[in-house]
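Undergrad: Any chance you could fold what I've pasted below:
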Amino acid sequence: MTTLYLDTNIVIYAIEDSKNLFGNDISPSSSKLLFDVVSCKYYIIVSDWLLEELSGLRKLEQASMLFKMLKPKTKRVSYSEEDLVRAKQQNPDNFRDELHAILAIKSGADYIVTRNINDFKHLKNKIRIVKPEDLF
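TA: Numbering: from 1, shown residues only. The predicted structure is shown next:
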């Protein structure tokens, strides 16, 4: 079964009503993707880094409920201090996304799912980078 590593923005957009710069609603595609996970279409990888980034979320309770529903279809991956140092060395300006990439590759994900394709384009030879709607 296909395994997805979710960038933090996918979870946020699934929980909160979000629009892109053009005013288009981008929440439905993230929500549909997570529904597909619950429906056994995909497995997801949940990293400690993702959970740390979500810790300041306004709708933290909704995120917790979401992860309880997704739990049977999740694989957990932790990051080490070495992973964090490597991310900061490889991409000092955007080490947060770099750490997501390191963890996605480390955990054997088939795809990184994000709305920020450009933040990951340097990895296109190592892992597929897609938006949620690209999987439908």
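
Undergrad: Alpha carbons only: can I get the helix or strand of the chain with the lowest mean pLDDT in CSV?
TA: The helix or strand of the chain with the lowest confidence, counting by mean pLDDT, DSSP states H and E, is helix 60-70 at a mean of 74. Output of helix 60-70 as CSV, limited to C-alpha atoms (Å, rounded to 0.1, in the frame of the first residue of the first chain):
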residue,chain,number,x,y,z
LEU,A,60,-5.2,21.3,18.6
GLU,A,61,-8.2,19.3,19.9
GLN,A,62,-9.4,18.6,16.4
ALA,A,63,-5.9,17.5,15.3
SER,A,64,-5.8,15.1,18.3
MET,A,65,-9.2,13.6,17.3
LEU,A,66,-8.0,13.4,13.7
PHE,A,67,-4.9,11.4,14.7
LYS,A,68,-6.9,9.1,16.8
MET,A,69,-9.0,8.2,13.7
LEU,A,70,-5.9,7.8,11.6
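
Undergrad: Beyond it, next helix or strand please.
TA: strand 74-77 (DSSP states H and E).

Undergrad: What are the contacting residues of the very next helix or strand once past that next one?
TA: Downstream of strand 74-77, the next assigned helix or strand under DSSP H and E is helix 81-90. By C-beta atoms under 8 Å, 6 or more residues apart in numbering, the residues outside helix 81-90 that reach it are 95-96, 98-99, 101-103, 106. For glycine as for every other residue, the C-beta is placed from the backbone atoms N, C-alpha and C.
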